[in-house]
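> please find the sequence and the predicted model below.
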Amino acid sequence: MRRGGHTLLELTAGLALLSIMVSLGAARWRHAVDLLAVTSAREALVRELHWARAMAPLAGGAWVEIVPDSGLVRAGTGERREGGDPGLRETRLGERWGVALTAGTTPRVVLRFDDLGLGVAASRSFTLSRGSRMRGLALSAYGRVRRW
């Protein structure tokens, strides 16, 4: 007479199937988290660029400084000054979202917007990555942003 329950072989097979399903789900979850972090960091960079472009006509100019190595993004109005600015905004993409920011081979990029809100620099492209996920944006010479 058999009592209720499962054999050791059935339990082992069930645990093996469960571990395979969890490992597949964990990989997909990690990719989704990386994609969300990269997209959020890209949108934060776009937000700073849009803010500087919108504030430039009001303040007589604006600037955005991007330091790819540390993921630091600073934006301010008027002339760019070392040592602080009351209109200074700062976002640390690397610390907040854990992403790597690249902008070609330049160690620091300063984008300026004139009093009409137009860019005063050559076109630039930026790439943000984390894990296997990558997002980017292209900034035209006039200050328009295209996400990719």
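That came in fine, so what should we check first?
> from here on, just use CA atoms for contacts and neighbour counts.
Fine.
> how many neighbours does the nearest residue in space to V67 that is not next to it in sequence have?
Nearest residue to V67, sequence neighbours excluded (C-alpha to C-alpha, 6 or more residues apart in numbering): R108, at 4.6 Å. Per other C-alpha atoms under 10 Å, the neighbour tally for R108 reads 14.
> next one: L24
The local packing count at L24 equals 10, with neighbours defined by other C-alpha under 10 Å.
> what's the answer for A32, then?
12.
> that one: which element?
Secondary structure from DSSP states H and E places A32 in helix 8-59.
> just to revisit the earlier point, tell me which residues touch the residue nearest to V67, please.
Shown in contact with R108 (C-alpha atoms under 8 Å, 6 or more residues apart in numbering): E65, I66, V67, P68.
> where does this protein dip in pLDDT?
Scanning the chain for pLDDT under 70 picks out 1-2, 80-87.
> mind doing that once more with 50?
For the chain, no stretch has pLDDT under 50.
> how much space separates the residue nearest the centre of it from D115?
Among the residues of the chain, A41 comes closest to the average C-alpha position under C-alpha atoms, centre = their mean, at 2.2 Å. For A41, the distance to D115 under the criterion C-alpha to C-alpha, to the nearest Å works out to 27 Å.
> now swap in G131 and tell me
G131 sits 39 Å away from D115, going by C-alpha to C-alpha.
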